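Visitor: need coordinates for the following:
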Amino acid sequence: MSGRETIEQKAARYLAEGRLTVRTRSGQAVEAVCEGGERYELGHAPDGGWWCDCPAHAVPCAHLVALQLVTTSRGAPCR
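Guide: Numbers count the residues shown, from 1 in each chain. Predicted coordinates:
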């Protein structure tokens, strides 16, 4: 097994370290910021889906997984 974190582990670490801040939530729309070495804006729009302005090539990125863990029942996967 490799020593690299999975996206889910990284997302859980972001939450444990207090890096994610949900700024607004209205119905199914949510906007948040995730901070660490960089600051990324992310969220969900009912008509636009999940989005993050990070340069990660992984879909979903760890920032979105962290946001889903605190905003959805069971942390539903990004679509």
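
Visitor: before we move on, what SS does the most centrally placed residue in the chain have?
Guide: Nearest residue to the geometric centre of the chain (C-alpha atoms, centre = their mean): residue 64, 2.1 Å. Assigned by DSSP: H, G, I helix; E, B strand; the rest coil, the conformation of residue 64 is helix.

Visitor: against residue 54, how distant is the residue nearest to residue 39 when sequence neighbours are not counted?
Guide: Using C-beta to C-beta, 6 or more residues apart in numbering and skipping residues adjacent in sequence, the residue nearest residue 39 is residue 33, 6.1 Å away. The way it works is simple: take the backbone N, C-alpha and C, and place the C-beta from them, glycine included. To residue 54, residue 33 is 11 Å away according to C-beta to C-beta, to the nearest Å.

Visitor: quick revisit: where's the residue nearest to residue 39 relative to residue 3, distance?
Guide: 29 Å.

Visitor: okay, these two: which has more neighbours?
Guide: The neighbour count for residue 33 versus residue 3, taken as other C-beta atoms under 10 Å, is higher for residue 33 (16 against 4).

Visitor: quick revisit: any common contacting residues for residue 33 and residue 54?
Guide: Common neighbours of residue 33 and residue 54, using C-beta atoms under 8 Å, 6 or more residues apart in numbering, are 40, 42.

Visitor: so residue 33 belongs to a strand, correct?
Guide: Yes. Assessed with three-state DSSP, residue 33 lies in a strand.

Visitor: list the contacts of it.
Guide: Per C-beta under 8 Å, 6+ apart, neighbours of residue 33: 20-21, 23, 39-42.

Visitor: could you dump those residues to JSON lines with secondary structure?
Guide: Formatted as JSON lines, these follow (three-state DSSP):
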{"residue": "20", "secondary structure": "strand"}
{"residue": "21", "secondary structure": "strand"}
{"residue": "23", "secondary structure": "strand"}
{"residue": "39", "secondary structure": "strand"}
{"residue": "40", "secondary structure": "strand"}
{"residue": "41", "secondary structure": "strand"}
{"residue": "42", "secondary structure": "strand"}
